[in-house]
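Asker: Quick check, what structure comes out for this input:
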Amino acid sequence: MHALRGHLRESLGALRSVFRNPGLRRIELAYLGSALALYANVVAVGVYAYHHGGATAVGLVMFARMGTAAVAAPFVSSLADRYPQQRVMLASDLGRVAVVAAMAVAASAGIPALVYACAVLVSVLSTAFRPAEASLIPQLAETPEELTAANVSSSTFDSIGAFAGPAVGALLFALGGPTLAFAVITVAYAWSALFVARIGASGRPEVPEHEETGLAAGFRAVRAEPRLRLFIGLYAAQTIVAGAYNVLVIVLALRVLGLGNSGVGLLQAATGVGAVVGAGAALALVGRRRTAGDLGLGLVLFGAPFLALGALPRTWVAVVALAILGAGNSLVDISAVTLIQRTAPPAVAGRVFGLLEAALVGAVGIGALVTPLLVHLIHPRGALLAAGALLPALALATRFARAHVDEGAALPEEQLAAVATVPFLDVLPLHQKEALARALERVELPAGATLFSEGQPGDRLYILASGAFEVDLPGGAKRESAPAFVGEIALLRDVPRTATVRVVEDATFWALDGGRFLDAVAGHARSSSAADAVLASRGVAASV
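Answerer: All right, here's what the predicted structure looks like:
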C-alpha cells in the first residue's frame, strides 16, 4: 500500500510537471481544441449528409473521409520528419480553420457537394496533426514519467472530445443548423492553432546523410525493429475489435437487450466514462515503469467485457462491462503510443506514426466490415464471444515479449541524473539523454590520482558524481565538488587537454565517449548554444 501511494504521488507529480512545462502545456491545450473540433465535425457532417441524402449519403461520405485519410496518412505524416513539428501542426490547424469556414459558407449557400469535398479535405489535413504532435512530445518531455503523463493527458482530452464533441456538434446543429455548427468548429480549430503557435519553434531530428528521406524510411524502421512491429500489431488488433465494438454496441442495445435507440447512447456513455477512468488508472501506473505490461492489461480489459456480455447479456452487466472496456481502451492508447514514441527512430518518427494512423483507420474498417457477417453466421452472442477472445489471447501469447521490453526499458537512473547536471546535455530531447545515459562508463579514482594531464588528447567528457577534483589553471588551482563536469573544452574545440585535473577526494566519475558527446551536442541547436555559453563562462572562445 505504501508503494502504491508512492507511485501515485510520483504519477501526480509527473502530471503536474506536464502543465508546468510551457511547451507540453500548450500542446495539450491545443490537442483539446483539436479533439473537440474533430469529433464535433464528424457528427455535424453526418447529420448534414443525412438531411441531404439519407443513410446512403452518410455512409458514402464516411467511406470517402476514412478511405482518403488512410491512404493519405503515410504521405502527409512524413512532413513531421521534414519540417519542424510545431509548424506542421500549425499548418494543419490553419488549413482546417480555412476549410471548415468554407464548409460553413457552402452549407449556408446550399452546396452539399462542396461541404462533402471539404469534409474529405479536413480528414486529410487532420492526418498531419497527430503524427507531428506524437513525435514532438518526446522532444518536450524532460523525463520518462513526464512523457507518459503527457500521453495520459492527451488520451483524457481525446476521451473528453469523443464524449463532448458529438454532443456539442449535434446541439449546435439543432440550434442554428449547419452554418452555426461549422462556424463554432472553426473557432475550436483556431483555439488549437493559437496554442500551437505559442509552443515555440521545434527542431527536427538530424537525418544522417545516408538516411532515406522518403516514405520507405518509415517502413524500413518498422521492419527493422521487432518491438515496433509488436506494438503496432497489438494496437491494430485492439483497433479491429474497436471497429467491431461500433457495430456490436448497436446490436447489443437494439437486438440483444431491447433497450431501443436511447440504449445505444447509454452504453456509449458508459464506455466514455470508463475511458476517462482508464486514463486516471494509467496515470496511477506511471511509477511502475511497466508500460508494455500495461499494454497487455489494457488488451485484456478491452476484450474480456465482450466475453462477459456473450455469457450474461444483461443491462447492468453491459453498463459495467463497457465501462471496463472504455478503461482498457485508454490504457491501450496511452501505453501503445508511449512505447512507439520511445522506440521509433526520431528522424522517422512522423512517418512511423503516419503508418500507425493508416493501420488504425484500416483496422477500424476491417472490424466494422467483418462483424455484421459474424452476427449473421454465429448470432450476436457468438460474435461477442469471438470479439472478446482475440485480445486476451494475444495478451497471453505476447506476455514474454512484453516482459522483455519492460526489462530492457529499465532506465539507468543514476546515469540519467548525471547527464542532467551538464547544461548542454540536459536540453537534449529525452530519447537522446537516455541513449547518452546508457553509454556512460563508471570511473572511480582515489584522492591524489590524475584524471588527465595538460597536452593529452581529449577523448572523453567526465561527469563527477561524488568527491572533488582540482583544475590547475594559470591563476591557481580551482576546486570543483560534485556535481560537476570537466573535459568538454578539448572535445568542443578539438584541441589537446588545456589543463591538468587531479582528484582531491575519492571520486566517482561517469565518462562519456567523445564521439557520442560531439554527435549529440553538434546535432542539436539548443545544446550547441548552451555549450557555447559554458565555454564563454570559462573564458574560452566558443567553437562547436
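Asker: Leaving aside the residues adjacent along the chain, what's closest to R227?
Answerer: Spatial nearest neighbour of R227, excluding adjacent residues (CB to CB, 6 or more residues apart in numbering): T343 at 5.0 Å. For every residue, glycine as well, the C-beta is placed using N, CA and C.
Asker: Now do the same contact list for that neighbour.
Answerer: Residues near T343 by CB atoms under 8 Å, 6 or more residues apart in numbering: 225, 227-228, 231.
Asker: Including secondary structure and neighbour count, could these go into JSON lines?
Answerer: What follows is these, written out as JSON lines (DSSP: H, G, I helix; E, B strand; the rest coil; neighbours: other CB atoms under 10 Å):
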{"residue": "E225", "secondary structure": "coil", "neighbour count": "16"}
{"residue": "R227", "secondary structure": "helix", "neighbour count": "20"}
{"residue": "L228", "secondary structure": "helix", "neighbour count": "21"}
{"residue": "F231", "secondary structure": "helix", "neighbour count": "27"}
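Asker: Make JSON lines out of these and add distance to L180.
Answerer: Formatted as JSON lines, the contacts of T343 follow (distance: CB to CB, whole Å):
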{"residue": "E225", "distance to L180": "47"}
{"residue": "R227", "distance to L180": "47"}
{"residue": "L228", "distance to L180": "44"}
{"residue": "F231", "distance to L180": "41"}
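Asker: Only the buried residues of the helix or strand where L266 lies, if you could.
Answerer: Secondary structure from DSSP states H and E places L266 in helix 261-285. Under the neighbour-count criterion of 16 or more other CB atoms under 10 Å, helix 261-285 has 263-264, 266-279, 281-283, 285 buried.
Asker: quick one on the thing from earlier: V504: which of the contacts of T343 is nearest?
Answerer: V504 lies nearest to R227 out of the contacts of T343, by CB to CB, at 45.3 Å.
Asker: Sort out which one of the contacts of T343 lies nearest F195 for me.
Answerer: Nearest to F195 among the contacts of T343, counting by CB to CB, is F231 at 28.5 Å.
Asker: quick revisit: and which of the contacts of T343 is nearest V352?
Answerer: L228 (6.8 Å).
Asker: Next one: the closest residue in space to that closest one that isn't next to it in sequence from L356, what distance?
Answerer: Closest residue to L228 apart from its sequence neighbours, by CB to CB, 6+ apart: V222 at 4.8 Å. V222 is 9 Å from L356, where distance means CB to CB, to the nearest Å.
Asker: again with G382
Answerer: 31 Å.
Asker: neighbour count winner among those two?
Answerer: With neighbours defined as other CB atoms under 10 Å, G382 and L356 compare such that L356 has more, 28 against 13.
Asker: can you tell me the helix or strand for that one?
Answerer: Per DSSP H and E: helix 349-397 holds L356.
Asker: what about the residue nearest to L228, neighbour count?
Answerer: 24.
Asker: how about the strands in the chain?
Answerer: Secondary structure of the chain (DSSP state E): strands at 441-445, 450-452, 460-473, 476-481, 484-486, 501-513.
Asker: how close does A269 sit to A363?
Answerer: Counting by CB to CB, the gap from A269 to A363 is 24 Å.
Asker: Same question for R342.
Answerer: 22 Å.
Asker: Low-confidence stretches in the chain?
Answerer: Where the chain drops to pLDDT under 70, the residues are 1-15, 55-56, 59, 200-215, 261-262, 265, 283-289, 407-412, 523-544.
Asker: center of it, which residue is that?
Answerer: A134 (3.9 Å; CA atoms, centre = their mean).
Asker: quick one, what contacts that residue?
Answerer: 337, 340-341, 349, 353.
Asker: can you rerun that using 6 Å?
Answerer: F353 (CB atoms under 6 Å, 6 or more residues apart in numbering).
Asker: Next one: it from V419, what distance?
Answerer: A134 is 24 Å from V419, by CB to CB.
Asker: Same check on R399?
Answerer: Taking CB to CB, one finds R399 at 33 Å from V419.
Asker: And these two? Which one has more around it.
Answerer: Using other CB under 10 Å as the criterion, R399 and V419 rank with V419 on top: 24 against 13.
Asker: Need phi/psi at the nearest residue to G455 once chain neighbours are set aside.
Answerer: Of all residues not flanking G455 in the chain, P496 sits nearest, at 5.0 Å (CB to CB, 6+ apart). Here is the backbone geometry of P496 (degrees, to the nearest 10): phi -60, psi 170.
Asker: Report how many residues lie close to P496.
Answerer: Neighbour count for P496, taken as other CB under 10 Å: 13.
Asker: I'd say it and E454 touch.
Answerer: No - the pair P496 / E454 is not scored as a contact, 7.6 Å apart, by CB atoms under 6 Å.
Asker: buried ones in stretch 112-119?
Answerer: Across stretch 112-119, burial judged by 16+ other CB under 10 Å covers 112, 115-119.
Asker: Now A269: closest residue in space that isn't a chain neighbour?
Answerer: A269 sits nearest to F163 (CB to CB, 6+ apart), 7.6 Å away.
Asker: I'd like to know how many residues surround that neighbour.
Answerer: F163: 19 surrounding residues under other CB under 10 Å.
Asker: go on, the one 10 residues further on?
Answerer: Counted with other CB under 10 Å, residues neighbouring F173 total 22.
Asker: Am I right that the residue nearest to A269 is in contact with G272?
Answerer: Yes - using CB under 6 Å, F163 makes contact with G272 at a distance of 4.0 Å.
Asker: quick one: common contacting residues for these two?
Answerer: Contact with both F163 and G272 is made by no residue, according to CB under 6 Å, 6+ apart.
Asker: For stretch 390-409, what is the distance to the chain centroid?
Answerer: Put simply, stretch 390-409 sits 20 Å off its chain's centre (CA atoms, centre = their mean, to the nearest Å).
Asker: For it, buried residues please.
Answerer: By neighbour count with 16+ other CB under 10 Å, stretch 390-409 contains the buried residues 390-392, 394-395, 398, 402, 405-406, 409.
Asker: Tell me the spacing between the closest residue to L512 other than its chain neighbours and W510.
Answerer: Spatial nearest neighbour of L512, excluding adjacent residues (CB to CB, 6+ apart): L461 at 4.6 Å. Counting by CB to CB, the gap from L461 to W510 is 9 Å.
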